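A.B. asks: Predicted coordinates and the sequence they were generated for:
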Amino acid sequence: MITYKETKQIEDKDLRPLYLSVGWASYTERITDLSTLLVDCQLVYSAWDTNTLGGEKLVGLIRTVGDGLSIQYIQDFLVLPDYQKQGIGTTLFKKVLEHSEHIRQLVLITDGSEENREIIEYYKNLGLRTFTDAGLCGLWRMK
């Protein structure tokens, strides 16, 4: 059974397997304790697979940063590969939308490579538009 939580209290031992499962080495190789990523987030929603013995496994996460009024940026949005295409990501995304109706801009930036086309189409199906569709220009710096 999948349960959803709004909490920033998620331990590294739960987060690390999720981030590793989707190959986000920039996080797992550079950050000693992934739970520190959640501390200053605006929103954190997580999806947990709960077994009959009461154990829980983190299977999805979405976290946002922003000012809470004019802009909200989806920083991380990930679901364990074995749990993808089961509606978990869509539910997490809808929770962010419900909580953020009053916020003017919702932004998500992802790799625009050809191998990422499927995930970009998924984001479009959730109602997001690419910058080029909106006449915007995305700028960034990375270290």
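C.D. replies: Right, received. Where do you want to start?
A.B. asks: Wasn't Val59 part of a strand?
C.D. replies: Yes - under DSSP: H, G, I helix; E, B strand; the rest coil, Val59 sits within a strand.
A.B. asks: In this structure it contacts Tyr83, no?
C.D. replies: Yes - between Val59 and Tyr83 there is a contact under Cβ atoms under 8 Å: 4.4 Å. (C-beta placed from N, C-alpha, C; glycine too.)
A.B. asks: shared neighbours, these two?
C.D. replies: Residues touching both Val59 and Tyr83 by Cβ atoms under 8 Å, 6 or more residues apart in numbering: Ile2, Ala47, Asp49.
A.B. asks: Looking at these, state which has the most neighbours.
C.D. replies: Taking other Cβ atoms under 10 Å as the neighbour criterion, Ala47 ranks highest of these with 25 neighbours.
A.B. asks: Make TSV out of the shared contacts of Val59 and Tyr83 and add pLDDT, secondary structure and distance to Thr132.
C.D. replies: Listed next are those as TSV, based on pLDDT from 0 to 100; DSSP: H, G, I helix; E, B strand; the rest coil; distance: Cβ to Cβ, whole Å:
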residue	pLDDT	secondary structure	distance to Thr132
Ile2	95	strand	35
Ala47	98	strand	31
Asp49	96	strand	37
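A.B. asks: Give me the more crowded residue out of Val59 and Tyr83.
C.D. replies: Val59 (23 against 18).
A.B. asks: Please name the residues that touch that one.
C.D. replies: Here Val59 is in contact with Ile2, Leu18, Ala47, Trp48, Asp49, Val79, Leu80, Tyr83, Ile88 (Cβ under 8 Å, 6+ apart).
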